[in-house]
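Asks: this is the structure alone, sequence omitted:
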């Protein structure tokens, strides 16, 4: 190992360990557990999916390691510390370093697309996809996914990381669903292979073909879940599900034997963002009904993302194990909260455009957050405030710190805390 790489990582590890030793972490875990069990708790706060290319104002995100694998670990540690120190919200710092398992999922396809970027340093770009599933013949050619894991490489990496962080942080080997829960966005993947316009036309013009597409992708995702179980790639106790705290005393399932983790022991998140503008009836027909067998094999489900679901809460209710429902900036908070009541966590997604304006307006942010929190309080609906999908802050990282401060002030004003 490169001596400087080891030195850099150990110094970062010491800072993470110091942050992880703070009492606030255990307190925050307890608060997430109360929220996720639908008990009364102040609105919880998270910031995620950030424009990291714009945040290195002090140089503290600059990578120094030479080894590619170690640079990945370094990047994760630097970002964790940056968030914890600048805009922690209700992030929890743990006393371990994640070692991603060497997992490969071969799907037999990849996107064929044209992209455009407004900022060459930003990974957020626009996409135009070519339709690769125009007919049944093309659909039949898509194979069942094959999942493989290089256990020998995992052991070597675990040994290296354990040696580097010895006496500082514990290495933890984690599977591909660790960061955001098991992914169930089948229509998102179909859209990548077809384009949004083609998908939306076909649920009207060729509904039976669209039924066959989603049926196959449900089988594919179930096949992936089966392999994850068999290969031991699922993890109990993952900290996040789709950018929110996943802490709960309800998982793993009561019959978990402490060995092989099953789908019913973990979170899943489902979504169909391409259906943002379709009717509740069509959303149910082409997404909820076919996806239920997959979603309901998991312990708890988070449903939705950027798609406005305020007119669709009644169909989301048909998924029996949903616990959190996303309420996007394009949804009516009053309509959503009145339908959710105390049955689900109102996972509010405040508008990320408010940190991207030419003139930063704290009044606008405060007004939006107060409306969300007061609406949820009125309808006795548990609430979390999740700022995500932030594509730019105009190279002013202090905007995120200001957003977090305002969110904390609004959340603290909630009398339920």
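Replies: Sure thing, it's come through. These figures come from a predicted structure and were not determined experimentally.
Asks: remind me, longest helix of this protein?
Replies: Using DSSP state H to define each element, the chain has its longest helix at helix 207-231.
Asks: contacts for the next helix-or-strand element following that one, please.
Replies: Going down the chain from helix 207-231, the next helix or strand is strand 240-241, by DSSP states H and E. Contacts to strand 240-241, defined as CB atoms under 8 Å, 6 or more residues apart in numbering, come from residues 179, 180, 181, 246, 267, 269, 302, 324. To be clear about C-beta, it is placed using only N, CA and C from the backbone, and glycine gets the same treatment.
Asks: again, 6 Å this time
Replies: By CB atoms under 6 Å, 6 or more residues apart in numbering, the surrounding residues in contact with strand 240-241 are 179, 180, 181, 246, 267, 269, 302.
Asks: give me the distance between the two termini of stretch 278-285.
Replies: 11 Å (CA to CA, to the nearest Å).
Asks: hmm, I typed the wrong one, I wanted stretch 98-108.
Replies: End-to-end for stretch 98-108, by CA to CA: 29 Å.
Asks: in this protein, which spans are helices?
Replies: According to DSSP H, the helices that the chain contains are 3-20, 23-36, 68-86, 136-141, 151-164, 186-194, 196-205, 207-231, 280-283, 289-295, 313-316, 333-340, 362-378, 398-413.
Asks: make TSV out of those helices and add mean neighbour count.
Replies: TSV is the format used below for the helices of the chain (neighbours: other CB atoms under 10 Å):
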stretch	mean neighbour count
helix 3-20	17
helix 23-36	17
helix 68-86	18
helix 136-141	12
helix 151-164	15
helix 186-194	21
helix 196-205	17
helix 207-231	17
helix 280-283	16
helix 289-295	19
helix 313-316	18
helix 333-340	21
helix 362-378	18
helix 398-413	19
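Asks: among these, which comes closest to residue 387?
Replies: Residue 387 lies closest, by CB to CB, to one member of the helices of the chain: helix 398-413, at 6.0 Å.
Asks: make a markdown table from the helices of the chain and add distance to residue 261 and mean pLDDT to it.
Replies: A markdown table is the format used below for those (distance: least, CB to CB, whole Å; pLDDT from 0 to 100):
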| stretch | distance to residue 261 | mean pLDDT |
| --- | --- | --- |
| helix 3-20 | 24 | 97 |
| helix 23-36 | 19 | 98 |
| helix 68-86 | 22 | 97 |
| helix 136-141 | 32 | 96 |
| helix 151-164 | 16 | 97 |
| helix 186-194 | 22 | 95 |
| helix 196-205 | 33 | 96 |
| helix 207-231 | 7 | 97 |
| helix 280-283 | 31 | 98 |
| helix 289-295 | 17 | 97 |
| helix 313-316 | 26 | 98 |
| helix 333-340 | 30 | 97 |
| helix 362-378 | 33 | 97 |
| helix 398-413 | 33 | 97 |
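Asks: for residue 267, give me its contacts.
Replies: 181, 241, 246, 300.
Asks: an error on my part: the question was meant for residue 231.
Replies: Each residue near residue 231 by CB under 6 Å, 6+ apart is listed here: residue 149.
Asks: and for residue 220?
Replies: Residues counted as contacts of residue 220 (CB under 6 Å, 6+ apart) are residue 145.
Asks: from residue 307, how far out is it?
Replies: Between residue 220 and residue 307 the computed distance is 21 Å (CB to CB, to the nearest Å).
Asks: try residue 335
Replies: 14 Å.
Asks: number of nearby residues for residue 359?
Replies: Residue neighbour count, defined by other CB atoms under 10 Å, stands at 6 for residue 359.
Asks: next, give phi and psi for it.
Replies: In terms of degrees, to the nearest 10, the main-chain angles of residue 359 are phi -120, psi 120.
Asks: for it, give its distance to residue 311.
Replies: For residue 359, the distance to residue 311 equals 33 Å [CB to CB].
Asks: again, but for residue 251
Replies: Distance, residue 251 to residue 311, by CB to CB: 30 Å.
Asks: higher neighbour count, these two?
Replies: Ranked by neighbour count (other CB under 10 Å), residue 251 and residue 311 place residue 251 first, with 20 against 15.
Asks: is it correct that that one is in contact with residue 299?
Replies: Yes: between residue 251 and residue 299 there is a contact under CB atoms under 6 Å: 4.7 Å.
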